[in-house]
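**Q** Next one to model:
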Amino acid sequence: MAATPQDPAVAPRRKVSRHRGEGQWAVGHFTPLNGNEQFKKDDDGLNVRTRIETIYSKRGFDSIDPNDLRGRMRWWGLYTQRKPGIDGGKTAILEPEELDDEFFMLRVRIDGGRLTTEQLRVIGEISQEFARGTADLTDRQNVQYHWIRIEDVPEIWNRLEAVGLSTTEACGDTPRVILGSPVAGIAEDEIIDGTPAVEEIQRRIIGNKDFSNLPRKFKSAISGSPLLDVAHEINDIAFVGVNHPEHGPGFDLWVGGGLSTNPKIGQRLDAWVPLDEVADVYEGVISIFRDYGYRRLRNRARLKFLVADWGVEKFRQVLEDEYLKRKLVDGPAPDQPVARWRDHVGVHRQQDGLYYVGFAPRVGRIDGATLTKIAELAEAHGSGRVRTTVEQKMIVLDVEREQVDSLVEGLEALDLTARPSSFRRGTMACTGIEYCKLAIVETKARGASLIDELERRIPEFDEPITININGCPNACARIQVADIGLKGQLVLDENGEQVEGFQVHLGGALGLEAGFGRKVRGLKVTSDELPDYIERVLKRFQAEREADERFATWAARASEEALS
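**A** The predicted model follows:
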């Protein structure tokens, strides 16, 4: 019987393509699967510093290779900023070269938020000389300059590094700044001081080419404060201070947190880590990310996606068996923090009997001249140390009791209050359309004016409330975990015109009751309507809340009508 075309002997052979997987190095997938992976393979991002110093700073902006300009320069804290005059409707339409200005944002990494007054003075002086006075405080304890010229970058590096500061791996697919409790080793109620671990990770990991090509950014946090003051829930890795019933003070290990367009709360590995092993465990986790992390699609490349797919049991097993070569100790979860605010604002007694004073700029917006004055004011009151926080705040340490009132008055004269309203204390904003190429709406000025309006309209409101304003969906200002989170987008006003506005998230929270805010269907607010809307919702909260009920709890149970 003759063979038919359906018989295997004569059927046309289909081309079989090998599945390339997720680009995980640990399973043999080393071929770059997108442009970012290709430029990282072509040349380590850390190597671009030499070209900046020897070529680009001498020949100017037009001499910069595109893969350096929009890629590797981030390994040294440099992003091009948004060209002025481009409205939010064009953000997703224009090509990168059309959005790029010939100036840069430069991020100074401040691990653990730790600064001397000498370092703060240098940061302020650089701002005034090279950055048109800009020096925003971020919610990751960094300082960001704008208007930086490529010609000035080597001199800025020289001045920063002369006082022990750096922009190394402040951006890019790298281990970013290590968040730390701003009162580590200082606060009376501290469980354990994580400073030695922060320093050891800096020494071992930062600038090390073994860890300078990660699938995406890697965010970390270490704190021994019972206030849970480093937003550990939304970091790739976090070490949270706990007391083990048998082994004493140490850290509870969390992995896989992160926000952006696919937010996830970090998960406990149920493991207790002693202080002297934190750096080893950090190295193990970042190595898993490097080796097993997804490199095929950028929007699935954060560690949170690997943790979600594997589960915490497998993640812990791989960490122990393949990287640490030993078992971790099982441990307890951290206690629920007693205080509702985690920002250390106000006057607080230190372990040594001195005092620290936390104060609130408006939405992290500050300038170099003010930073210099803060350094001078701190020194005049006996302090040589200041700190930045993850809430866009600052702290002066080591103040004698009799100097506290004078320091507070001096800060007030700079419009930096240690006794802020709930609105000033709880409102945070990202960079926004003023400088950011991803942004759709303005944020900093909007946040500052919102504070003024709410203080005028509801002066009696004194409940803890967080209002986080973001210029795009990427959640740099942590909108999903705010009481009131505002995601910038273009909306239609009452006349049908497209204007700047926000999608509203309500009832998000951090802490051991961490969760993401609720979105009410169709609830969008124009920028001009924002004060009216927030006043209306907060007054409904005041009227309907039960005794001691938090805003987030009320928002979860409130009717859509009450939230509209």
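
**Q** Show me how far stretch 90-104 is from its chain's centre.
**A** Mean C-alpha position of stretch 90-104 versus that of the full chain (Cα atoms, centre = their mean, to the nearest Å) differs by 23 Å.

**Q** Please identify the buried residues of it?
**A** Within stretch 90-104, the residues scored as buried using 16 or more other Cβ atoms under 10 Å are T91, L99, D100, D101, F103, F104. Heads up, the C-betas are built off the backbone N, CA and C, glycines and all.

**Q** Who does the strand or helix carrying the fourth one pair with, and is each partner parallel or antiparallel?
**A** D101 belongs to strand 100-108 when elements are defined using DSSP states H and E. Strands flanking strand 100-108 in the sheet, each with its direction: strand 78-82 (antiparallel), strand 143-148 (antiparallel) (DSSP bridges).

**Q** Residue ranges in the stretch 1-150 of the chain under the pLDDT threshold?
**A** 1-20 (pLDDT under 70).

**Q** which ones are touching the spatially closest residue to A439 that is not a sequence neighbour?
**A** Spatial nearest neighbour of A439, chain neighbours left out: G471 (3.3 Å); criterion: Cβ to Cβ, 6 or more residues apart in numbering. Contacts for G471 (Cβ atoms under 8 Å, 6 or more residues apart in numbering) come out as C430, T431, G432, I433, C436, L438, A439, I440, V441, E442, T443, G488.

**Q** Columns pLDDT on top of these, output as CSV?
**A** CSV is the format used below for the contacts of G471 (pLDDT from 0 to 100):
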residue, pLDDT
C430, 97
T431, 96
G432, 96
I433, 95
C436, 95
L438, 93
A439, 96
I440, 96
V441, 97
E442, 96
T443, 97
G488, 96
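
**Q** Quickly name whichever of those is closest to L506.
**A** Distance to L506, by Cβ to Cβ, is smallest for G488 among these, at 16.2 Å.

**Q** Which helix or strand contains that closest one?
**A** G488 belongs to strand 484-492 when assigned by DSSP H and E.

**Q** how far does that strand sit from the chain's center?
**A** 20 Å.

**Q** send the alpha carbons of it over as CSV?
**A** The C-alpha coordinates for strand 484-492 follow below in CSV (Å, rounded to 0.1, in the frame of the first residue of the first chain):
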residue,chain,number,x,y,z
ILE,A,484,-4.7,58.0,49.4
GLY,A,485,-2.6,57.0,46.4
LEU,A,486,-2.8,59.2,43.2
LYS,A,487,-1.6,57.8,39.9
GLY,A,488,-1.0,60.5,37.3
GLN,A,489,-2.8,60.2,34.0
LEU,A,490,-4.7,62.4,31.5
VAL,A,491,-8.4,62.7,32.3
LEU,A,492,-11.4,64.5,30.9
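
**Q** Surely L397 is in a strand?
**A** Yes: the assignment for L397 by DSSP: H, G, I helix; E, B strand; the rest coil puts it in a strand.

**Q** R457 against E535, yeah?
**A** Yes: if you go by Cβ atoms under 8 Å, R457 and E535 touch, sitting 5.1 Å apart.

**Q** Could you tell me which residues touch both of those two?
**A** Counting by Cβ under 8 Å, 6+ apart, nothing touches both R457 and E535.

**Q** helices or strands up against the strand holding G488?
**A** Packing partners of strand 484-492 (3 or more Cβ pairs under 8 Å, 6 or more residues apart in numbering; DSSP states H and E): strand 467-470, strand 498-506, strand 518-526, helix 530-544.

**Q** and these, which one's lowest on average pLDDT?
**A** If you rank the helices and strands packed on strand 484-492 by mean pLDDT, strand 518-526 sits at the bottom with a mean of 91.

**Q** Starting from that one, tell me which strands it pairs with and how they run.
**A** As assigned by DSSP bridges, strand 518-526 forms pairs with strand 498-506 (antiparallel).

**Q** Kindly export the partner strand (C-alpha atoms) in CSV.
**A** Presented in CSV, the C-alpha positions along strand 498-506 are these (Å, rounded to 0.1, in the frame of the first residue of the first chain):
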residue,chain,number,x,y,z
GLN,A,498,-8.1,66.4,28.3
VAL,A,499,-6.2,67.6,31.4
GLU,A,500,-3.8,66.4,34.0
GLY,A,501,-5.4,64.3,36.7
PHE,A,502,-5.2,61.1,38.8
GLN,A,503,-6.6,57.7,39.2
VAL,A,504,-7.3,57.2,42.9
HIS,A,505,-6.2,54.3,45.1
LEU,A,506,-7.7,54.3,48.6
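
**Q** Can you list the neighbours in contact with it?
**A** For strand 498-506, the surrounding residues in contact (Cβ under 8 Å, 6+ apart) are 88-89, 440-442, 469, 479-480, 482-493, 516-520, 523-530, 533, 537, 555, 563.

**Q** Could you tell me which of those residues count as buried?
**A** By neighbour count, with 16+ other Cβ under 10 Å, these hold 88, 440-442, 469, 479-480, 482-491, 516-520, 523-527, 529-530, 533, 537, 555, 563 as buried.

**Q** Am I right that F39 is in contact with N67?
**A** Yes: between F39 and N67 a contact is recorded at 4.3 Å, counting by Cβ under 8 Å.

**Q** residue contacts, the most centrally placed residue in the chain?
**A** Against the mean C-alpha coordinate of the chain, by Cα atoms, centre = their mean, the closest residue is R140 at 4.3 Å. Neighbouring residues of R140 by Cβ under 8 Å, 6+ apart: R176, V177, L179, K219, V390.

**Q** Could you rerun that using 6 Å?
**A** V177 (Cβ atoms under 6 Å, 6 or more residues apart in numbering).

**Q** for it, helix, strand, or coil?
**A** When classified by three-state DSSP, R140 comes out as coil.

**Q** same thing with E409?
**A** Quick answer, by three-state DSSP: E409 is helix.

**Q** can you list the residues that contact the host helix or strand of R424?
**A** Taking DSSP H and E as the criterion, R424 maps to helix 422-426. For helix 422-426, the external contacting residues (Cβ under 6 Å, 6+ apart) are V345, A360, I451, L454, E455, F461, D462, I465, T466, I467.

**Q** quick one: that helix to chain centroid distance?
**A** When distances are taken as Cα atoms, centre = their mean, helix 422-426 is centred 19 Å away from the chain's centroid.

**Q** Which residues in it does the neighbour count mark as buried?
**A** Along helix 422-426, these residues count as buried under the neighbour rule (16+ other Cβ under 10 Å): S422, F423, R424, R425, G426.

**Q** Over to stretch 277-291?
**A** 277-290.

**Q** so where do the strands sit in the stretch 101-250 of the chain?
**A** Secondary structure of the stretch 101-250 of the chain (DSSP state E, counting those that start in this stretch): strands located at 114-116, 136-137, 143-148, 175-180, 218-223, 237-244, 248-255.

**Q** so what strands line up beside the shortest one?
**A** It stands for strand 136-137. Assessed with DSSP bridges, strand 136-137 is paired to strand 143-148 (antiparallel).

**Q** now the partner strand, how far from the centre of its chain.
**A** Centre-to-centre, strand 143-148 and its host chain are 16 Å apart (Cα atoms, centre = their mean).

**Q** ok, now stretch 45-58?
**A** Offset of stretch 45-58 from its chain centre (Cα atoms, centre = their mean): 27 Å.

**Q** Extract the C-alpha set from that stretch and format it as PDB.
**A** Presented in PDB, the C-alpha positions along stretch 45-58 are these (Å, rounded to 0.1, in the frame of the first residue of the first chain):
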ATOM      1  CA  GLY A  45      27.900  49.300  32.900                       C
ATOM      2  CA  LEU A  46      30.600  50.100  35.400                       C
ATOM      3  CA  ASN A  47      33.100  50.600  32.600                       C
ATOM      4  CA  VAL A  48      31.300  53.700  31.200                       C
ATOM      5  CA  ARG A  49      32.900  55.900  33.900                       C
ATOM      6  CA  THR A  50      36.200  55.900  32.000                       C
ATOM      7  CA  ARG A  51      34.400  57.100  28.800                       C
ATOM      8  CA  ILE A  52      32.600  59.800  30.800                       C
ATOM      9  CA  GLU A  53      35.800  61.100  32.200                       C
ATOM     10  CA  THR A  54      38.100  60.800  29.200                       C
ATOM     11  CA  ILE A  55      35.700  61.400  26.200                       C
ATOM     12  CA  TYR A  56      32.100  62.600  26.900                       C
ATOM     13  CA  SER A  57      33.000  65.200  29.500                       C
ATOM     14  CA  LYS A  58      35.500  66.700  27.100                       C
END
